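Asks: need coordinates for the below:
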Amino acid sequence: MVSTGAGPYVVTDPAHGGRWTSLSGGRGGGSAGGGRGAGGGREWLWFRDEPRRAGVRPGDTFADAGGLEECVPTIRGTPDHGDAWSRVWRRTDDGAPAGASEAAAEAVDCPDFRLVRRIITDAARTVVDYRLSAAPGYRFLWAAHALLELSGQARALMAEGAAVRLYPDGGARWLPGHWPTVAGVPLDRLGPADGTAMGAVVDTDEVSVRDGTDELCLSVEAEGQPVSVALWRNLGGFPEDAPYRSIGVEPMLGRVFDLAHAEETDAACVPASGEVRWRLTLSVRQYS
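Replies: Got it, this is the predicted structure:
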């Protein structure tokens with residue numbers, strides 16, 4: 001699918017997990033970050049060669065090729081990075097609002113749920129509307145696992161003093177703190193590479209990433225559900241055998257990385273209607 005309009009330009013690959021293969025907007029091509037994207041502006045997504053990605057099957061270990069992956073119903077744990085990224089998505093008109101200019105959407109069917117997303121771009125922004133259908137009481141996490149192409153001077157901007165859960169390693173243990181510095185780590189600074197890797201979940205519904213004169217803004221809204229922003233701050237510390245730098249900025253439903261370790265209010269929960277709806281909004285800005 002290719003979005004249309006003047007907001008951030010999105011290209012997805014339904015045949016390979018619905019992965020976003022381009023998110024472009026802004027001047028692009030400068031020394032601060034990414035090159036030119038499919039839409040002609042700056043390409044915000046980061047990529048790496050991963051031969052396993054094209055042939056993955058449900059239940060496989062995550063194949064990190066970059067881009068933006070839809071992680072649901074968990075991020076860490078089982079299945080690794082969720083159940084949707086390794087399945088084929090299909091075009092559908094399911095749930096299209098009356099008079100919608102972009103009636104077609106993309107959907108994926110997993111054993112316990114069905115997820116539908118619709119991407120609409122206008123003059124100022126790109127909006128992605130999601131709908132998950134499952135049995136009432138079904139609990140899940142979701143993250144727009146966006147890996148971004150950023151310079152070593154890039155910064156993440158979130159609400160000052162917002163509560164943070166800092167995950168110093170790949171386990172379930174987390175340290176409490178407040179944005180932007182936790183346990184002496186300036187989480188807002190996304191480089192340069194220093195050999196560390198850690199994750200964080202921030203109690204906020206919006207984040208901006210500023211790199212040079214470009215800024216990418218992301219926000220998430222979901223009535224009656226817990227929302228937050230996850231940060232994957234890998235400055236060359238992961239994986240141990242062949243580390244590389246990768247920065248994930250991830251609006252999410254839930255407050256933990258692993259559904260198996262979610263307390264009662266840490267995960268989204270399907271109500272009696274059998275549906276949960278939420279919205280992801282993206283925009284870009286430029287500064288002189």
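
Asks: for stretch 259-279, give me every contacting residue.
Replies: Stretch 259-279 is contacted by residues 73-74, 77-78, 127-142, 172, 220-227, 253-256 when judged by Cβ atoms under 8 Å, 6 or more residues apart in numbering. From N, CA and C alone the C-beta is placed, and that goes for glycine too.

Asks: how far does that stretch sit from the chain's center?
Replies: Relative to the centre of its chain, stretch 259-279 is centred 17 Å away, using Cα atoms, centre = their mean, to the nearest Å.

Asks: let me see the mean pLDDT of that stretch.
Replies: For stretch 259-279, the mean per-residue pLDDT is 98.

Asks: list the buried ones in that stretch?
Replies: Neighbour-count burial for stretch 259-279 flags L259, H261, A262, D266, A267, A268, C269, V270, V276, R277, W278 (criterion: 16 or more other Cβ atoms under 10 Å).

Asks: could you export these as TSV, including secondary structure and distance to T196?
Replies: As requested, the buried residues of stretch 259-279 are exported to TSV (DSSP: H, G, I helix; E, B strand; the rest coil; distance: Cβ to Cβ, whole Å):
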residue	secondary structure	distance to T196
L259	helix	26
H261	helix	22
A262	coil	26
D266	coil	25
A267	coil	28
A268	strand	30
C269	strand	34
V270	coil	37
V276	strand	35
R277	strand	37
W278	strand	31
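
Asks: among these, which two are most distant?
Replies: H261 and R277 (25.5 Å; Cβ to Cβ).

Asks: hey, which helix or strand in the chain has the poorest pLDDT?
Replies: strand 90-92 (a mean of 93; mean pLDDT, DSSP states H and E).

Asks: could you point out which element follows it?
Replies: Per DSSP states H and E, the first helix or strand lying C-terminal to strand 90-92 is strand 105-109.

Asks: tell me the strands beside that following strand, with direction?
Replies: Pairing partners of strand 105-109, with direction, according to DSSP bridges: strand 90-92 (antiparallel), strand 114-121 (antiparallel).

Asks: distance of A197 from R233?
Replies: Counting by Cβ to Cβ, to the nearest Å, the gap between A197 and R233 amounts to 7 Å.

Asks: compare the two (neighbour count), which wins?
Replies: Neighbours were counted for A197 and for R233 using other Cβ atoms under 10 Å; R233 has more, 25 against 22.

Asks: dump the residue contacts of the closest residue to that one other than its chain neighbours.
Replies: Take R233 and drop its neighbours on the chain: the residue closest to it by Cβ to Cβ, 6 or more residues apart in numbering is M198, 5.5 Å away. For M198, the contact set (Cβ under 8 Å, 6+ apart) comprises L166, Y167, P168, D169, V185, R233, G237.

Asks: look at the last one and report its pLDDT.
Replies: Among the per-residue scores, G237 holds a pLDDT of 97.

Asks: CA atoms only for whichever helix or strand it is part of - export them in PDB, please.
Replies: Element membership for G237, per DSSP H and E: strand 227-238. The C-alpha atoms that make up strand 227-238 are tabulated as PDB, following Å, rounded to 0.1, in the frame of the first residue of the first chain:
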ATOM      1  CA  VAL A 227      -0.900   4.200  26.000                       C
ATOM      2  CA  SER A 228       2.800   5.000  26.200                       C
ATOM      3  CA  VAL A 229       5.900   5.400  24.000                       C
ATOM      4  CA  ALA A 230       8.700   2.800  24.000                       C
ATOM      5  CA  LEU A 231      12.300   3.600  23.200                       C
ATOM      6  CA  TRP A 232      14.900   1.100  22.000                       C
ATOM      7  CA  ARG A 233      18.200   2.800  22.500                       C
ATOM      8  CA  ASN A 234      20.800   0.500  20.900                       C
ATOM      9  CA  LEU A 235      24.000   2.400  20.600                       C
ATOM     10  CA  GLY A 236      26.100  -0.500  19.400                       C
ATOM     11  CA  GLY A 237      25.500  -2.900  22.300                       C
ATOM     12  CA  PHE A 238      23.200  -5.500  20.700                       C
END
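
Asks: now whichever helix or strand comes after that strand: how far from the chain's centre is it?
Replies: As assigned by DSSP H and E, the chain's next helix or strand after strand 227-238 is strand 244-253. Offset of strand 244-253 from its chain centre (Cα atoms, centre = their mean): 6 Å.
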